[in-house]
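J.: what's the 3D shape of this:
(2 chains)
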Number of protein chains: 2
Amino acid sequence: MKLYDSRRAPNPRRVRWFMAEKGIDDIEIVDVDIFGGQHRTPEYLARAGLPNVPALEMGNGQTITESVAICRYLESVYPTPNLFGEEACEAAVIEMWSRRAEMMVATPLMMLVRHTHPALAAIETQVPEIAAANRAMAEKGLKMLDRRLAESEFIAEDRVTMADILAITAIDFARMARFRPDPDLVHVRRWREAMLARPAASAGV
Amino acid sequence: MKLYDSRRAPNPRRVRWFMAEKGIDDIEIVDVDIFGGQHRTPEYLARAGLPNVPALEMGNGQTITESVAICRYLESVYPTPNLFGEEACEAAVIEMWSRRAEMMVATPLMMLVRHTHPALAAIETQVPEIAAANRAMAEKGLKMLDRRLAESEFIAEDRVTMADILAITAIDFARMARFRPDPDLVHVRRWREAMLARPAASAGV
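T.: Next up, the predicted model:
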């Protein structure tokens, strides 16, 4: 297998964090120079279909994009420790929290960075109204997470799962927009410090 | 099991369409009056955690929200016909296309409706710039789908999968914003007509 990776982008970090939690170290890493436009070359597009990073060449030779699809495939090849859930009810709860973490926190934070960071003005028509709406959405999502983390050590279960990886990589990325979770969200603060203290936090940054 | 459902919203339709493709007819359907605020009552919130519909009471008595998490759980209980993929590589390809369909087409179209339809002004601060950006994103996503559907009968595979359900329910919902895919996208048109001709198209509308 081969992972097409890029150090400076948030979606590749999800996969690198996921691999580090599992101790996966036998996949070849290929660095893609996205600032140099390497993800838009005919060679890359023929392989990945879209100019997106990360991409994974799977065991059967086919290449896929989409960080969550890549992680779920890796889970099937490297099942331990389990990060998507084992039996069906547990997997459903983890998927529910993963989607809440992604749609209510991670996506709004990534949109906030895209619509405010000066370096991204070259690739995005930055709209202040979109930045403001996403900031408000992320703040609301973080309050929801704080209520959850008052009753649960991690987001979906009493152990790290995909839901935590989706949330923490976006929260950490949002520092680029000078965004930090409200320090009054004490449960988010406790969880954020615990996540960033994990060895996997330094993978892919 | 019990499905908490609402006829007029797009996310419940994903689950009803999914159930119809599988011929699932032994789950109790409970109608939730979202216009009457029934999803915000203490009883509903104690069960579902968030004021979201649909919700599913699973076999173990626990209730989850998030349409895709609900569908994936149902797949484990009713595996045939398979809509998320069977072996790991196929499942990864279907998840990749499901995420592309959701993030590049379905979510932008739902945001377009939220930010333009007069009936939704009561629940959403409608921002013309957000509507315009989402319309542009959906149009770009539909061009991507058209290229894909030039080479594949359905979005992910040569049969209907979750990816098709995610795309068609949003495209059909976007009629509320008087949005129709550009008729020059002939492959999208062929696929859209085929999807809307399926018996499952009338489930949950």
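J.: and the contacts of the host helix or strand of residue A:168?
T.: If you go by DSSP states H and E, residue A:168 is part of helix A:162-173. Contacts of helix A:162-173 with the rest of the structure, by CB atoms under 8 Å, 6 or more residues apart in numbering or on different chains, involve A:10, A:13-14, A:17-18, A:21, A:68, A:71, A:83-84, A:94, A:97-98, A:100-102, A:105-107, A:109-110, A:113, A:145, A:154-156, A:181, A:191-192, A:195-196, A:201. In short, each C-beta sits where N, CA and C put it, glycine included.
J.: just the ones of those residues in helices?
T.: In helices, judged by DSSP state H, the following of the contacts of helix A:162-173 are found: A:10, A:13-14, A:17-18, A:21, A:68, A:71, A:94, A:97-98, A:100-101, A:107, A:109-110, A:113, A:145, A:191-192, A:195-196.
J.: what subset of these is buried?
T.: Buried subset of the ones in helices among the contacts of helix A:162-173 (neighbour count, 16 or more other CB atoms under 10 Å in any protein chain shown): A:10, A:13-14, A:17-18, A:21, A:68, A:71, A:94, A:97-98, A:100-101, A:107, A:109-110, A:113, A:145, A:191-192, A:195.
J.: how about the residues of chain A near chain B?
T.: Within reach of chain B by CB under 8 Å from any CB of the partner chain, chain A has these residues: A:50, A:58-60, A:62, A:64-66, A:68-70, A:72-73, A:76-77, A:88-89, A:91-93, A:95-96, A:99-100, A:125, A:127, A:129-130, A:133, A:144.
J.: go again using 6 Å as the cut-off
T.: Residues of chain A lying close to chain B by CB under 6 Å from any CB of the partner chain are A:58, A:60, A:64, A:66, A:69, A:72-73, A:76, A:88-89, A:92, A:95-96, A:99, A:127, A:129-130.
J.: residues contacting residue A:99?
T.: Neighbouring residues of residue A:99 by CB atoms under 6 Å, 6 or more residues apart in numbering or on different chains: residue B:66.
J.: if we go to 8 Å?
T.: Counting by CB under 8 Å, 6+ apart, residue A:99 has contacts B:66, B:68-69.
J.: including pLDDT and distance to chain A, could those go into TSV?
T.: Formatted as TSV, those follow (pLDDT from 0 to 100; distance: CB to the nearest CB, whole Å):
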residue	pLDDT	distance to chain A
B:66	98	4
B:68	98	6
B:69	98	4
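J.: and the helix holding residue A:168 with helix A:107-114, angle?
T.: Orientation check (axes from the mean of the first three to the mean of the last three CA atoms, to 10 degrees): helix A:162-173 against helix A:107-114 gives 20 degrees.
J.: and helix A:162-173 with helix A:10-22, angle?
T.: 130 degrees.
J.: same question for helix A:162-173, mean pLDDT?
T.: Averaging pLDDT along helix A:162-173 yields 98.
J.: okay, and which of the residues of chain A next to chain B map to strands?
T.: Among the residues of chain A next to chain B, DSSP state E puts residue A:64 in strands.
J.: so residue A:3 is in which element?
T.: With secondary structure defined by DSSP H and E, residue A:3 is part of strand A:2-5.
J.: against which helices or strands is that strand packed?
T.: helix A:10-22, strand A:28-31, helix A:42-48, strand A:55-57 (3 or more CB pairs under 8 Å, 6 or more residues apart in numbering or on different chains; DSSP states H and E).
J.: what residue of chain A is the furthest out?
T.: residue A:42 (26.6 Å; CA atoms, centre = their mean).
J.: now do that one, the pLDDT please.
T.: For residue A:42, the model assigns a pLDDT of 96.
J.: returning to what we had before: who does the strand holding residue A:3 pair with, and is each partner parallel or antiparallel?
T.: In the sheet, strand A:2-5 lines up against strand A:28-31 (parallel), strand A:55-57 (antiparallel) (DSSP bridges).
J.: just those: most buried one?
T.: A comparison of the strands paired with strand A:2-5 by mean neighbour count, using mean count of other CB atoms under 10 Å in any protein chain shown, puts strand A:55-57 on top with a mean of 23.
J.: contacts for that strand next, please.
T.: Contact partners of strand A:55-57, identified using CB under 8 Å, 6+ apart, comprise A:1-4, A:15, A:47-48, A:63-65, A:70, A:73-74.
J.: now which of the residues of chain A next to chain B would you call buried?
T.: By 16+ other CB under 10 Å, the residues of chain A next to chain B give A:58, A:64, A:66, A:69, A:72-73, A:88-89, A:92, A:95-96, A:99, A:127, A:130 as buried.
J.: how about residue A:144, what does it touch?
T.: Neighbouring residues of residue A:144 by CB under 8 Å, 6+ apart: A:100, A:104, B:50.
J.: distance check, the closest residue in space to the second one that isn't next to it in sequence against chain B.
T.: This points to residue A:104. Closest residue to residue A:104 apart from its sequence neighbours, by CB to CB, 6 or more residues apart in numbering or on different chains: residue A:141 at 3.3 Å. Per CB to the nearest CB, to the nearest Å, residue A:141 is found 11 Å from chain B.
J.: which SS state does residue A:139 fall under?
T.: Assigned with DSSP: H, G, I helix; E, B strand; the rest coil, residue A:139 falls in the helix class.
J.: how many neighbours does the nearest residue to it once chain neighbours are set aside have?
T.: What sits nearest to residue A:139 in space, not counting adjacent residues and going by CB to CB, 6+ apart, is residue A:182, at 7.1 Å. Residues contacting residue A:182 under the criterion other CB atoms under 10 Å in any protein chain shown number 12.
J.: give the contact list for residue A:14.
T.: A:67-68, A:71, A:165-166, A:169.
J.: what strand or helix carries residue A:189?
T.: helix A:186-196.
J.: what is the mean pLDDT for that helix?
T.: Average pLDDT, helix A:186-196: 98.
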